[in-house]
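> sharing a model that was predicted from the sequence below.
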Amino acid sequence: MPSSELKGTTGTTIFTNSINAISLTASLMAGISSIPVGEAAPHMLAFKLSSVILFTAATGMMLITSKIQPSQLAEEQRNATRLWKQLGRSIETTLALRAPTQRDVDEAMEKVLALDKAYPLPLLPGMLEKFPEIVEPTRWWPKSQRMQSPQAGSNGWSHELEEEMRGILRVLKAKDEQQYITLGQLVLNMNKTLAISGPLLAGLAAISSGLIGSPALGPMPAFLGVIGGVLATAVHTLEHGGQVGMVFELFRNCAGYYRRLQEEIESNLGETDVQKRENGELFEMKAALQLGRSLSDLKGLASYASPSCEDEDMKEFAGKLF
């Protein structure tokens, strides 16, 4: 496990446990301060004020964690580390095989800029939006796809291979990517609800604790203070202990994985000059590896390229890796 991921995960756990401990302690103090003990009123006042202060602190800390989503930041760092290492190995391979050209330098720079944009430093205010209005696949590659130099012959492409790639492309769009976009939207909505509910319950508990002892309200403030603190702790644990932000980032990255493969296929099929495309046989093999399928499995997806085939008729996904 990369050190950045380990530190991020450990920090998230410590932060979550600390907030939960503060909330539960405040709930206990709110309960104690409501017990009628006659002459010990000053002591009860100290418990009451302490619970208000602790609940207020817990509310502020929950607001911060809900804004920055530590588990999601840790997942972003993990993916960024993997992709930066992958890019570094790609550059090292190019240097080992041949002397780099200006085109190689430009391509590497485009990849660096795209990756830096996809995973900026996780610091306010430049961090990624944690609660986007629309869930989009993560994009860590440049928009312009590099095509190979013209080659003689068919370059490994045939009509059957083109139909196969069109079938794969259609399944990727209708099934694989859409699946993770839908799941990502579901998890995002749940995370939004949890991110609002936790601080709201803690804030309600803080206000209720301040009203403990009011003759007009009776035992209700103490009840709301204790219950609100316990519920806030439960919600916060579910949100951050359950790593909901990380799950959302995983779904978004999986959708980006399939979106990248789609663009590679579209880039090759969109090039009318076959000699300028990537080698068809190698591209087919690369697609099979990226989808976790055999070459014979890919050929079975060619039937989905037919216009008569509806999206509802697609019974399988293109990818089998995840």
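Cool, the structure landed. Just so it is clear, the structure is predicted and the values come from calculations on it, not from any experiment. Numbering: from 1, shown residues only.
> could you look up the SS state of the residue nearest to Asn79 when sequence neighbours are not counted?
Nearest non-adjacent residue to Asn79, counting by C-beta to C-beta, 6 or more residues apart in numbering: Asn253, 5.8 Å away. (C-beta placed from N, C-alpha, C; glycine too.) Using DSSP: H, G, I helix; E, B strand; the rest coil, the structure places Asn253 in helix.
> just for the stretch 51-200 of the chain, where's the confidence low?
Residue ranges of the stretch 51-200 of the chain with pLDDT under 70: 122, 144-154.
> please enumerate the helices of it.
When secondary structure is read from DSSP state H, counting those that start in this stretch, the stretch 51-200 of the chain shows helices at 70-97, 102-118, 159-171, 178-210.
> in contact with the spatially closest residue to Leu115 that is not a sequence neighbour, which residues?
The shortest distance from Leu115 to any non-neighbouring residue, by C-beta to C-beta, 6+ apart, is to Trp140 (5.0 Å). By C-beta atoms under 8 Å, 6 or more residues apart in numbering, the contact set of Trp140 is 79, 83, 114-115, 118-119, 256.
> redo that, cut-off 7 Å
83, 114-115, 118-119, 256 (C-beta atoms under 7 Å, 6 or more residues apart in numbering).
> one more: Gly245?
By C-beta under 7 Å, 6+ apart, Gly245 lies in contact with 69, 71-72, 130, 191.
> isn't Asn20 right up against Thr233?
Yes. Because the distance of 4.9 Å satisfies C-beta atoms under 7 Å, Asn20 is recorded as touching Thr233.
> between those two, which is the more surrounded one?
Thr233 (25 against 18; other C-beta atoms under 10 Å).
> surely that one and Ala21 touch.
No. Applying C-beta under 7 Å, one finds Thr233 not in contact with Ala21, separated by 9.0 Å.
> burial count for Lys117?
Per other C-beta under 10 Å, the neighbour tally for Lys117 reads 12.
> if we can go back for a sec, any idea which of the contacts of Trp140 is closest to Gly292?
Gly256 (16.8 Å; C-beta to C-beta).
> and Ser303, which of the three is it?
Applying three-state DSSP: Ser303 is helix.
> what's the pLDDT at the one residue sitting closest to the centre of the chain?
For the chain, the residue nearest the mean C-alpha position is Glu249 (0.7 Å; C-alpha atoms, centre = their mean). Looking at Glu249, its pLDDT is 95.
> which residue comes closest to it once chain neighbours are left out?
Glu75 (4.2 Å).
> try Leu301
Gly167 (4.2 Å).
> relative to helix 102-118, how tilted is the helix or strand hosting Leu269?
In the assignment (DSSP states H and E), Leu269 maps to helix 244-270. Following axes from the mean of the first three to the mean of the last three C-alpha atoms, to 10 degrees, one obtains 150 degrees for the angle between helix 244-270 and helix 102-118.
> ok, Ser34 - contacts?
212, 219, 222.
> repeat the analysis, applying 8 Å as the threshold.
Contact analysis of Ser34 by C-beta under 8 Å, 6+ apart lists 212-213, 219, 221-222, 225.
> same check, this time on Gly88
Contact analysis of Gly88 by C-beta under 8 Å, 6+ apart lists nothing.
> sorry, back to before: name the member of the contacts of Ser34 with the most neighbours.
Gly225 (30 neighbours).
> that one: which element?
Assigned by DSSP H and E, Gly225 falls within helix 220-236.
> what comes up buried for that helix?
Buried residues in helix 220-236, defined by neighbour count with 16 or more other C-beta atoms under 10 Å: 221-236.
> what score does the residue nearest to Asn79 have for pLDDT?
95.
> shouldn't it be in contact with Thr138?
Yes. Checked against C-beta atoms under 8 Å, the pair Asn253 and Thr138 is within contact range at 5.0 Å.
> which residues are in contact with both of those two?
If you check Asn253 and Thr138 against C-beta under 8 Å, 6+ apart, the residues they both contact are Asn79.
> state the distance from Gly270 to Glu263.
With distances taken as C-beta to C-beta, to the nearest Å, Gly270 is found 10 Å from Glu263.
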